[in-house]
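[1] show me the folded form of this:
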Amino acid sequence: GMYGGHKVNIAWQLAGIPISVALGIIVGLIPGYLLYKLFVKYDWQPPRRTLLVIGISICLMWLEEVAHGVVPIASLLGVMAIGFIILEKEEAIAHIISQKLKKLWVFAELLLFVLVGAQVNVSVAWEAGAAGLIIIFIGLVARSIGTYISVLGTDYTRKERLFCVVAYVPKATVQAAIGAVPLEAGVAGGEVILAVAVLSILVTAPLGAIGIMLLGEPILEEEKLTSYRFKALREKLQLPRVGERIRSKKHGTIWKIIEEKEVWIDVSEEEGFEPGPTPAIYVRYWQPESSSVPGRGKTMEYRYSFIDSSFHANWEVLYD
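    Numbers count the residues shown, from 1 in each chain. Coordinates of the predicted model:
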């Protein structure tokens, strides 16, 4: 099409945008619902469920390539639709799969940036310096305006909206993922596009980090709280991780950790502790129903902090 330097029908290209969005969501909802049914019917281990989700996602990407030129399909929206369906229908299973994908992303992220860096032609990036910086600047201005407009209807203050704009300045993952696509497709100027994409990462990532660091404390009222490292609290309390099974010492029932959330709680003098905000971790448990339908069950939530009772006083971790 126009992207490759060929003549295209502008009207069809514009009409293709809503069509690709609609089809992308539809092709994601169908396998998402089927996966939900499979996960409910069969009590598979989390790694198997995760691999199945990844496999279906790759198939959607392949479907977009096959249908290219016939009908546009936004496969990435389909992948998102799969996640939404599973999260809506079986939240416990969705959180467990999310934790597995998070661990996988640690390696995938390293691989992504290494491969992108290996494809960059340094001389081309140097030649595109001034022009590339101008393009990046114009894009950041437009993006900043869009970000500010998108948070106008929220309860944020003017300073907090400004911080949202600064927080959206850094670029990395998306640029690294799609920056090399034009080069692989043989598009004219593909090396320049990749070079500008990498240049945007090198420029915006440190600028955004510095902006967040400088503006965070004076703009955000609770910046002093967010700088706290919850890892120390988790290690001190010896809390289980998401996906681990635990057993109640009192009732002998088996539960599974499906979610953990870091929060701040207000402590008063009446509770016998120093007043003020205190770090805490909410842990969500899930107990499968003893029925013929796996995936069903009840959930409950407990809070753990330095002022609460110990986790190990009532629970024990089951190591498979």
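[2] any idea of the pLDDT on the nearest residue to residue 310 once chain neighbours are set aside?
    Closest residue to residue 310 apart from its sequence neighbours, by Cβ to Cβ, 6 or more residues apart in numbering: residue 237 at 7.2 Å. Bear in mind the C-beta positions are built from the backbone N, C-alpha and C, glycine included. Note on residue 237: pLDDT of 84.
[3] number of nearby residues for residue 237?
    Neighbour count for residue 237, taken as other Cβ atoms under 10 Å: 17.
[4] check residue 42 too.
    When neighbours are counted by other Cβ under 10 Å, residue 42 registers 11.
[5] so what pLDDT did it get?
    Per-residue pLDDT puts residue 42 at 81.
[6] now swap in residue 155 and tell me
    Among the per-residue scores, residue 155 holds a pLDDT of 81.
[7] just the element for it, please.
    For residue 155, there is no enclosing helix or strand under DSSP states H and E.
[8] thought the residue nearest to residue 310 was touching residue 307?
    No - the pair residue 237 / residue 307 is not scored as a contact, 11.3 Å apart, by Cβ atoms under 8 Å.
[9] give me the pLDDT for residue 290.
    Residue 290 carries a pLDDT value of 64.
[10] in this structure, which spans are helices?
    10-41, 46-67, 75-89, 91-119, 122-127, 129-150, 158-167, 173-178, 181-184, 190-219, 223-226, 230-237 (DSSP state H).
[11] dump these into a markdown table; add distance to residue 282 as well.
    Listed next are the helices of the chain as a markdown table, based on distance: least, Cβ to Cβ, whole Å:
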| stretch | distance to residue 282 |
| --- | --- |
| helix 10-41 | 25 |
| helix 46-67 | 21 |
| helix 75-89 | 18 |
| helix 91-119 | 13 |
| helix 122-127 | 46 |
| helix 129-150 | 29 |
| helix 158-167 | 24 |
| helix 173-178 | 28 |
| helix 181-184 | 41 |
| helix 190-219 | 24 |
| helix 223-226 | 16 |
| helix 230-237 | 11 |
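[12] so which of the ones you listed gets nearest residue 266?
    Minimum separation from residue 266 across the helices of the chain (Cβ to Cβ) falls at helix 223-226, 11.2 Å.
[13] distance of residue 96 relative to residue 235?
    Distance, residue 96 to residue 235, by Cβ to Cβ, to the nearest Å: 22 Å.
[14] do residue 251 as well
    27 Å.
[15] ok, now residue 287?
    26 Å.
[16] more crowded one of the two?
    Ranked by neighbour count (other Cβ under 10 Å), residue 287 and residue 235 place residue 287 first, with 15 against 9.
[17] so the more buried one makes contact with residue 257?
    No - using Cβ under 8 Å, residue 287 is not in contact with residue 257, being 11.2 Å away.
[18] list residues touching both of those two?
    Common neighbours of residue 287 and residue 257 (criterion: Cβ atoms under 8 Å, 6 or more residues apart in numbering): none identified.
[19] okay, residue 223: pLDDT?
    Looking at residue 223, its pLDDT reads 47.
[20] worst average pLDDT in the helices of the chain?
    helix 223-226 (a mean of 50).
[21] wait, doesn't residue 128 sit right on residue 192?
    Yes - applying Cβ under 8 Å, one finds residue 128 in contact with residue 192, separated by 5.3 Å.
[22] and the residue nearest to residue 178 when sequence neighbours are not counted, how many neighbours?
    Of all residues not flanking residue 178 in the chain, residue 197 sits nearest, at 7.5 Å (Cβ to Cβ, 6+ apart). Residues near residue 197, counting by other Cβ under 10 Å, number 25.
[23] my read: residue 197 touches residue 190, true?
    No - contact criterion Cβ under 8 Å: residue 197 and residue 190 do not qualify, at 10.5 Å.
[24] just the pLDDT for the closest residue to residue 16 other than its chain neighbours.
    Leaving aside its sequence neighbours, residue 16 sits nearest to residue 72 (Cβ to Cβ, 6+ apart; 4.3 Å). We have a pLDDT of 85 for residue 72.
[25] ok, now which ones touch residue 72?
    For residue 72, the contact set (Cβ under 8 Å, 6+ apart) comprises 16, 17, 19, 20, 23.
[26] closest one of those to residue 76?
    Using Cβ to Cβ, these come closest to residue 76 at residue 20, 10.1 Å.
[27] residues contacting the closest one?
    Per Cβ under 8 Å, 6+ apart, neighbours of residue 20: 72, 73, 74.
[28] so which of those residues comes closest to residue 106?
    Ranked by distance to residue 106 (Cβ to Cβ), these are led by residue 74 at 27.0 Å.
[29] near the closest one, how many other residues are there?
    For residue 74, the neighbour count with other Cβ under 10 Å is 21.
[30] change the start of the numbering to 47 and stick with it
    New numbering, starting at 47: the last item is residue 120.
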